[in-house]
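>>> Pasted the sequence and its predicted model underneath.
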Amino acid sequence: QVQLTETGGGLVQTGDSLTVSCTASGRTFDSYIMAWFRQYPGKEREFVGAFTRGGAVSYSDAVKGRFTISRDNDKNSLDLQMNNLRPEDTAVYLCAATPYFSGIYNSRYNYLHWGQGIQVTVSP
């Protein structure tokens with residue numbers, strides 16, 4: 001059974017940095033597309049960034065230049081390093097994975113597996 005587990009969330013101040021991590025278990029994820037989304041209360045999940053099939057990383061405009069995603073296939077892990085955090089980054093951050101390549105990385109509908117999410121709160 002595939003399981004994704006996020007760790008590392010918490011409360012920080014504006015301008016701080018924070019890294020959240022996702023550890024995958026249940027199978028080998030080398031060939032999986034893996035991504036980060038975030039969700040505001042009462043809103044749909046919003047794309048943050050994803051590792052593309054070619055190995056590059058695609059980011060949303062809202063986080064480009066501030067967030068960095070890295071991947072360690074030996075550890076089945078996906079990290080999201082967040083710099084210069086803003087109050088509007090406050091959300092639940094979720095790790096997502098799928099073995100199927102649709103060519104569309106930023107749609108939540110294209111991901112088969114999800115973590116439970118972890119809260120990141122940025123105070124003004």
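Done, it's in.

>>> For the nearest residue to Thr7 once chain neighbours are set aside, name its beta-bridge partners.
Excluding its sequence neighbours, the residue lying closest to Thr7 (Cβ to Cβ, 6 or more residues apart in numbering) is Ser21, at 5.2 Å. C-beta here means a position set from N, CA and C on the backbone, and glycine is covered the same way. Residues in a beta bridge with Ser21, per DSSP bridges, are Thr7, Asp79.

>>> Can you give me the distance of Val57 to Leu18?
Distance, Val57 to Leu18, by Cβ to Cβ, to the nearest Å: 18 Å.

>>> wait, what's in contact with the nearest residue to Pro124 once chain neighbours are set aside?
With sequence-adjacent residues excluded and distances taken as Cβ to Cβ, 6+ apart, Pro124 is closest to Pro87, at 5.2 Å. Contact analysis of Pro87 by Cβ atoms under 8 Å, 6 or more residues apart in numbering lists 14, 122-124.

>>> Kindly recompute the last result at 10 Å.
Pro87 sits next to 13-14, 121-124 when contact means Cβ atoms under 10 Å, 6 or more residues apart in numbering.
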